[in-house]
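[1] sequence first, then the predicted structure:
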Amino acid sequence: MINIDSLEAQVITARKNMSAEDQLSLNEYINIHSKSVAAAWILWVFFGRFGAHRFYLKRNHALLMLILWIIGWLTAIIFIGIIILSVIWIWCIVDAFSIQEWIKEDRIQKAYDGIPIITGKSVLELTGKQSSSFGANFDDQTDFSKPRE
């Protein structure tokens, strides 16, 4: 799982090393490709019990929420259905406090994905942490034709 705090720190550092034009282009990229706050809240208000906001934001357990809602109504005649529906309502209320964080995570991920598209450089290059996949740093002066000592 990606640590969103370290990803955010990398994006902030990379943005400091971008030109003003590239930053504006990145903002436009983020606005076009990230999830809508209004859409997430509308889905939560009208269809939150079904997990629609979770489907839209691509969060885990969206299908579980929908299935439990259906099972809850099918078993509402017996007492267990009322318990299941109550759990779904509580879950939905808890989700209301998480939506803003999920939107923020989506925007940070879109920024991370968009930086190489806009600048042609990876986030690690812009932050100065670029290294090879083998853990060794090579500069442009390295001569690979000679054997290592």
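    Yep, that arrived.
[2] list the buried residues of stretch 80-89.
    84-85, 88 (16 or more other Cβ atoms under 10 Å). C-beta coordinates here come from the backbone N, C-alpha and C atoms, glycine included.
[3] show me those residues that map onto strands.
    Nothing among these maps onto strands, per DSSP state E.
[4] can you lay out these as JSON lines showing pLDDT and distance to residue 97?
    Listed next are the buried residues of stretch 80-89 as JSON lines, based on pLDDT from 0 to 100; distance: Cβ to Cβ, whole Å:
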{"residue": "84", "pLDDT": "95", "distance to residue 97": "21"}
{"residue": "85", "pLDDT": "96", "distance to residue 97": "20"}
{"residue": "88", "pLDDT": "96", "distance to residue 97": "16"}
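[5] list just the nearest of those residues to residue 12.
    residue 88 (37.4 Å; Cβ to Cβ).
[6] who's in contact with the closest residue to the closest one other than its chain neighbours?
    Nearest residue to residue 88 in three dimensions, chain neighbours excluded: residue 69, at 5.3 Å (Cβ to Cβ, 6 or more residues apart in numbering). Residue 69 makes contact with 49-51, 85, 88, according to Cβ atoms under 8 Å, 6 or more residues apart in numbering.
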